[in-house]
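# curious how this folds, go ahead:
(one chain, ligands or ions: 2)
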Amino acid sequence: MHITPEMNERLTQVGAGTPMGETLRRYWIPACLTEELPEPDGEPVRVRLMGEDLVAFRDSAGEVGLVEAYCAHRRAPLFFGRNEECGLRCVYHGWKFDVQGTCVDMPSEPPYSKFRLRVAIKAYPTYEKAGVVWTYMGPTAEMPAPPDYEWMRVPETHLGVSKTGEHCNYLQGIEGGIDTAHSSFAHNNDIQNKNLLRSLDPHPALEVDVENYGFRYGSIRNISDEKSYVRVYQFMMPNQQMRASLVDPEGNPIRMPALDGHIWVPIDDENTYVYNIKYAATDATPMPRENFLDSERRNGRHPEQFIPGTYWLQRNPSNDYLIDREVQRTRTFTGIDGVNTQDFALQEGMGGIVRRDLEALGSSDSAIQTCRELLLEATDEVERGLPPRGSDPEVCKTARAGEMLIPRGVPWRDATKDLTVANW
Ligand code: FES
Ligand SMILES: [Fe+2]
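Ligands and ions are numbered 1, 2, ... in the order given. The predicted structure follows:
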């Protein structure tokens, strides 16, 4: 499928009223992390989602409000508001709003005034689970049940969640996430070692199965005359991907097998928050916070690698990600430190919204093709008044990624059957 400039716009514009903007608004999406709102009546947080400026706050009862950023009275910024006694009070003239956006106090009007009852600010419903504050920004009548992915059912001791800002459109991030072929190149951090699984066969065969939640695909690398290395990726509509880390780069079982994934949440058309998820594959192998942070550091997105007080990386386009050409010549394929940083350099470097009409896609890009087809299909469904694929959380519950070495010639779907069903 060739992507025309019009199709590209349809895929990438996320504002209210655009086809994709309306489609994304039919799913629950992350608004912020629980850690950003650590306590009742704590500091409000600025949240920009799909081009809308909002403010999140945790009220005295612990409920999270997600309301428009500007006061109903004269549009003063509620970010500066006082978070007190179950509501956010505008510091301009003291109007106060609760988590539903209802105006609960209007001290600048006389006590007998009924004006307050006619005033409200926009507020979106929230659902807090698994370290994430979720929201739904679509029509109330179409609101699905809250999300229930496998990783959301994992105990805290077995789960790590983080987020990172990325300077490009959400779809560029997704397409990097479901592109298995690049890991043989961009993430080859040991170019001298010819025994790395992904170096042994740099052109994986991709087989894509469309599912009611999105799609999954097997990437099959024939690593010897006897063995294939199979990775099963899951894509849950509209913006979540999962893959497994069960074997190390040389094919040995990993001591703490885990599943990794991302959710790409548009801040606006050209900026994205990537939510990073890592969870233990089994109950027997918990994931202490230090282990999660170690893996975050290897990825280049440990909190110490952020610009202080933000979720944005110190290695960024303004300093060419601190690329080291000597390291590139001798040790790693990119010369850029951190797997996540490597991805960002390539995805952000394409520009805010990549010119898909100029691409030349090959056979290793078939998962990317399917992703675009399903996203475009979802925009059609929404325009026809139907719930888009994967918006019912029930169908996303059991999907799990997997990877394993299998004898060559054995069908990967059979071999990975038990591996790719939720365990939690
Ligand atoms: S602008 Fe908020 S109370 Fe006046
Ligand atoms: Fe990558």
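
# make it CA atoms for all contacts and neighbour counts henceforth
Noted.

# thinking Val265 is in contact with Val274, fair?
Yes: using CA atoms under 8 Å, Val265 is in contact with Val274, at 6.2 Å.

# who has more neighbours, these two?
Taking neighbours as other CA atoms under 10 Å, Val265 and Val274 compare with Val265 leading, 28 against 25.

# next, the more buried one: secondary structure please.
Using DSSP: H, G, I helix; E, B strand; the rest coil, the secondary structure recorded for Val265 is strand.

# kindly report the same for Ala360.
coil.

# how close does it sit to ligand 1?
Separation of Ala360 from ligand 1 (CA to the nearest ligand atom, to the nearest Å) stands at 52 Å.

# and if you look at Val208?
52 Å.

# got the contact list for the closest residue to that residue other than its chain neighbours?
Distances taken as CA to CA, 6 or more residues apart in numbering place Tyr217 nearest to Val208, at 4.2 Å, with adjacent residues excluded. By CA atoms under 8 Å, 6 or more residues apart in numbering, the residues touching Tyr217 are Leu206, Glu207, Val208, Asp209, Val232, Tyr233, Gln234, Ala367.

# how many residues are close by the second one?
Okay, so that is Glu207. 16.

# SS state for it?
Going by three-state DSSP: Glu207 is strand.

# ok, now which ones touch Leu374?
Gly214 are the contacts of Leu374 under CA under 8 Å, 6+ apart.

# list the beta-bridge partners for Ile263.
Here Ile263 sits in beta bridges with Gln240, Tyr275, as judged by DSSP bridges.

# before we move on, the earlier item: separation between the residue nearest to Val208 and ligand 1?
Distance from Tyr217 to ligand 1, by CA to the nearest ligand atom: 51 Å.

# look up the pLDDT of the closest residue in space to Thr102 that isn't next to it in sequence for me, please.
Leaving aside its sequence neighbours, Thr102 sits nearest to Ala120 (CA to CA, 6+ apart; 4.8 Å). The model reports Ala120 with a pLDDT of 98.

# can you report how many residues neighbour the residue of the stretch 151-300 of the chain found nearest ligand 1?
Ligand 1 sits closest to Ile267 of the stretch 151-300 of the chain, with a gap of 24.9 Å, by CA to the nearest ligand atom. Residues within reach of Ile267, counting by other CA under 10 Å, total 26.

# what of the one 3 residues further on?
The burial count assigned to Glu270 is 22, neighbours taken as other CA under 10 Å.

# would you say Arg243 is within a helix?
No: using three-state DSSP, the secondary structure at Arg243 is strand, not a helix.

# ok, it - contacts?
Per CA under 8 Å, 6+ apart, neighbours of Arg243: Arg231, Val232, Tyr233, Gln234, Leu259, Asp260, Gly261, Arg400, Ala401, Gly402, Glu403.

# so who does the first one touch?
For Arg231, the set of contacting residues under the criterion of CA under 8 Å, 6+ apart consists of Gly218, Ser219, Ile220, Arg243, Ala244, Ala401, Gly402, Glu403, Met404.

# isn't the fifth one right next to Met256, touching?
Spelled out, it's Ala244. No: using CA under 8 Å, Ala244 is not in contact with Met256, being 11.4 Å away.

# so which of those two has more stuff around it?
In this view Ala244 and Met256 are compared by other CA under 10 Å, and Ala244 has more residues nearby, 24 against 17.

# partner residues bridging the nearest residue to that one once chain neighbours are set aside?
The shortest distance from Ala244 to any non-neighbouring residue, by CA to CA, 6+ apart, is to Leu259 (4.3 Å). Beta-bridge partners for Leu259, by DSSP bridges, are Ala244, Tyr279.

# thinking Leu259 is in contact with Gln241, fair?
No: counting by CA under 8 Å, Leu259 stays clear of Gln241, with 10.4 Å between them.

# one step back: could you turn the buried ones of the contacts of Tyr217 into a ChimeraX selection?
The ChimeraX command for the buried members of those (criterion: 16 or more other CA atoms under 10 Å) is given here:
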select :206,207,208,232,233,234,367
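
# which residues touch Asp148?
Counting by CA under 8 Å, 6+ apart, Asp148 makes contact with Pro393, Glu394, Cys396, Lys397.

# next one: Ile267
Ile267 neighbours (CA under 8 Å, 6+ apart): Arg48, Leu49, Met50, Gly51, Tyr273.

# how about 6 Å then?
Ile267 makes contact with Arg48, Leu49, Met50 under the criterion CA atoms under 6 Å, 6 or more residues apart in numbering.

# let's see which of those end up in strands.
Arg48, Leu49 (DSSP state E).

# and of the contacts of Ile267, the nearest to Ala378?
Of all these, Ala378 sits closest to Met50, with 17.1 Å by CA to CA.

# for that closest one, give me the pLDDT.
pLDDT at Met50 comes out at 98.

# check the spatially most central residue of the chain and give its pLDDT.
Geometric centre of the chain, nearest residue: Ile263, 1.4 Å, by CA atoms, centre = their mean. pLDDT recorded at Ile263 is 98.

# over to the one 10 residues further on?
At Tyr273, the predicted lDDT confidence score is 98.

# tell me how many other residues surround the spatially closest residue to Val67 that is not a sequence neighbour.
Excluding its sequence neighbours, the residue lying closest to Val67 (CA to CA, 6+ apart) is Ala123, at 4.2 Å. Ala123 has 21 neighbouring residues, counting by other CA under 10 Å.

# kindly report the same for Ala69.
When neighbours are counted by other CA under 10 Å, Ala69 registers 24.

# skipping adjacent residues, who's closest to it in space?
Here the residue nearest Ala69, using CA to CA, 6+ apart, is Leu54, at 4.2 Å.

# for that neighbour, give me its contacts.
Val47, Arg48, Val67, Glu68, Ala69.

# okay, and the nearest residue to Phe80 once chain neighbours are set aside sits in which element?
Once flanking residues are discounted, Phe80 sits nearest to Val91: 6.8 Å by CA to CA, 6+ apart. Secondary structure assignment for Val91, by DSSP states H and E: no helix or strand.

# run a quick neighbour tally on Val91.
16.

# now that it has come up, it's in contact with Gly81, right?
Yes: applying CA atoms under 6 Å, one finds Val91 in contact with Gly81, separated by 5.3 Å.

# from Met106, how far off is the residue of the chain positioned farthest from its centre?
The C-alpha centroid of the chain is most remote from Tyr112, which lies 48.3 Å away (CA atoms, centre = their mean). Between Tyr112 and Met106 the computed distance is 11 Å (CA to CA, to the nearest Å).

# same check on Pro125?
With CA to CA as the criterion, Pro125 and Met106 are 23 Å apart.
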